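Participant: Any chance you can model this:
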Amino acid sequence: MSVAQLDSASATAAEAGVGEVLLVADRFRGIAADDRAFTVSGLVAALRGGRWRDAEGPLRVRLGQGVTRHDLDYVEHVAIVHAPAGLRIDGAVAEPAPRHQVHKYQHSNVLLAGLVRESETAFRADLRIHGDNELLLDHQTGEHVQGIVIVEAVRQLFLGAFELEYGRRWPEQHFYIVWNSIELEFKSFLFPLPATLNATLTPIAIDDPAKLEFTIEVEVRQLGRTVATTRIGYAALPNERITQIERHKAAKAIAAYLDAAA
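Facilitator: Numbers count the residues shown, from 1 in each chain. Next up is the predicted model:
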């Protein structure tokens, strides 16, 4: 949306008495086609343009995906001057799940927040999408979030569920997780709004820590609707064992390729 379009849309919202808007990271500018949805840059421009300068009540801002504390500090700073009636933030900036649970080095690539173990087999987390997530840098079009983000969020959830329930049973062991299978069904678009992931973890083989096997079923929900469902089979093996297996298979693959080309 251009600045001119933004001004027009914001004017329409203000004229209609809209005192509540959605705020998302600039990465999700597609959804700002709706005149009640703003990117961080878009809302700052609208505030400076005076859209809420004469408002009688505070502007209520509901947080969508990707908004950081750094972003909010900026928006609140601008609002002090340009929205005298004040700004009310509805929602909290989601803190990323710890690195040791989701196995991601960069916090911008963590897709879960508030990961909790509700029982021995039930786990829950909020979806948390940073605007600079690695999966969004090359392809984020339209108003919805790309499906590959769901796949990665589910992957991080089964890693976290394993770490919370089984990884700590053998704290001296460093496990390597491998996928065995995945069934995935998309049922609706996922938009850059709050969403949750609920998982049921089923142990298949857990007597021998040399090879643990599980299935996990995950449901992604947004606004009371199921967006996607998955069923994944995976195994956890000690790191040194999977390294040996991988090296052996890689050597065979290289030999087969070179011999075939000879």
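Participant: pretty sure Glu143 contacts Gly30?
Facilitator: Yes. Counting by Cβ atoms under 8 Å, Gly30 is a contact partner of Glu143 at 4.4 Å. Backbone N, C-alpha and C define where each C-beta goes, glycine included.
Participant: which of these two has more neighbours?
Facilitator: Higher neighbour count among Glu143 and Gly30: Gly30, with 19 against 15, using other Cβ atoms under 10 Å.
Participant: Could you give the backbone dihedrals for that one?
Facilitator: phi -60, psi -40 (degrees, to the nearest 10).
Participant: Same check on Arg48?
Facilitator: Dihedral angles phi and psi of Arg48 (degrees, to the nearest 10) take the values phi -70, psi -30.
Participant: same question, Val75
Facilitator: Note on Val75: backbone dihedrals following degrees, to the nearest 10 are phi -60, psi -40.
Participant: for Leu258, same thing?
Facilitator: Dihedral angles (degrees, to the nearest 10) for Leu258: phi -70, psi -40.
Participant: Run a quick neighbour tally on it.
Facilitator: Leu258 has 9 nearby residues by other Cβ under 10 Å.
Participant: Could you check the pLDDT of it?
Facilitator: On the pLDDT scale, Leu258 is placed at 93.
Participant: Check the gap between it and Asp207 for me.
Facilitator: For Leu258, the distance to Asp207 (Cβ to Cβ, to the nearest Å) stands at 41 Å.
Participant: Same question for Phe158.
Facilitator: Plainly put, Phe158 is 20 Å away from Asp207 if you go by Cβ to Cβ.
Participant: Tell me which of these two has more neighbours.
Facilitator: Counted by other Cβ under 10 Å, Phe158 and Asp207 do not tie: Phe158 has more neighbours, with 23 against 8.
Participant: Which of the helices or strands spans the closest residue to Leu111 other than its chain neighbours?
Facilitator: Nearest non-adjacent residue to Leu111, counting by Cβ to Cβ, 6 or more residues apart in numbering: Ala153, 4.1 Å away. Per DSSP states H and E: Ala153 is located in helix 147-165.
Participant: Against which helices or strands is that helix packed?
Facilitator: helix 99-102, strand 112-117, strand 122-127, strand 175-186, strand 196-205, strand 212-222, strand 225-238 (3 or more Cβ pairs under 8 Å, 6 or more residues apart in numbering; DSSP states H and E).
Participant: Just the residues contacting the fourth one, thanks.
Facilitator: When you say that, I think you mean strand 175-186. 103, 147, 150-151, 154, 158-159, 162, 167, 212-213, 227-239, 241-243 (Cβ atoms under 8 Å, 6 or more residues apart in numbering).
Participant: Quick check: ChimeraX command selecting the buried ones in those.
Facilitator: Buried residues among the contacts of strand 175-186 (16 or more other Cβ atoms under 10 Å), as a ChimeraX selection:
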select :150,151,154,158,159,162,167,212,213,227,228,229,230,231,232,233,234,235,236,237,238,242
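Participant: Gln156 against Arg99, yeah?
Facilitator: No. Gln156 is not in contact with Arg99 according to Cβ under 8 Å; the separation is 10.8 Å.
Participant: Same drill for the two, tell me which one is more crowded.
Facilitator: Comparing Gln156 with Arg99 by other Cβ under 10 Å, the one with more neighbours is Gln156, at 23 against 12.
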